[in-house]
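Trainee: Sequence first, predicted model second:
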Amino acid sequence: MKALIVEDDRATIEAVSLVFKLRWTEMEVVSTTTGAEASHLVETELPDVVILDLILPDIDGIEVLREIRHFSSVPVVVLT
């Protein structure tokens with residue numbers, strides 16, 4: 001399995017990554033701190049789930065979700 005974490009706070013990325021890896025040792029975690037890169041990573045990395053923060057430094061998380069929905073039905077969990 002692969003998870004994409006879209007979060008501007010690196011400490012939160014590390015915490016969520018740790019929880020995933022403790023529970024699911026085979027989980028691969030990919031992350032970004034910007035909304036601009038999120039859509040690209042969904043297309044190229046093909047994650048099984050996206051953990052998405054709504055408040056990002058460049059693009060609103062809702063807009064990121066709209067972009068993702070144009071081409072993917074990957075489950076998205078909003079973390080805020």
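Mentor: Yep, that arrived.
Trainee: Look through this structure and tell me its longest helix.
Mentor: helix 10-23 (DSSP state H).
Trainee: hang on, isn't T80 packed against I51?
Mentor: No. If you go by C-beta atoms under 8 Å, T80 and I51 don't touch, sitting 10.5 Å apart. For every residue, glycine as well, the C-beta is placed using N, CA and C.
Trainee: of these two, who's got more company?
Mentor: I51 (22 against 8; other C-beta atoms under 10 Å).
Trainee: got a list of what that one touches?
Mentor: I51 makes contact with A3, L4, I5, V6, E7, V16, V76, V77, L79, according to C-beta atoms under 8 Å, 6 or more residues apart in numbering.
Trainee: now, the most widely separated pair of these?
Mentor: Between any two of the contacts of I51, the greatest separation by C-beta to C-beta is 13.9 Å, found for V16 and V76.
Trainee: if we can go back for a sec, which one of the contacts of I51 has the most neighbours?
Mentor: Neighbour max across these (other C-beta under 10 Å) = V6, 29 neighbours.
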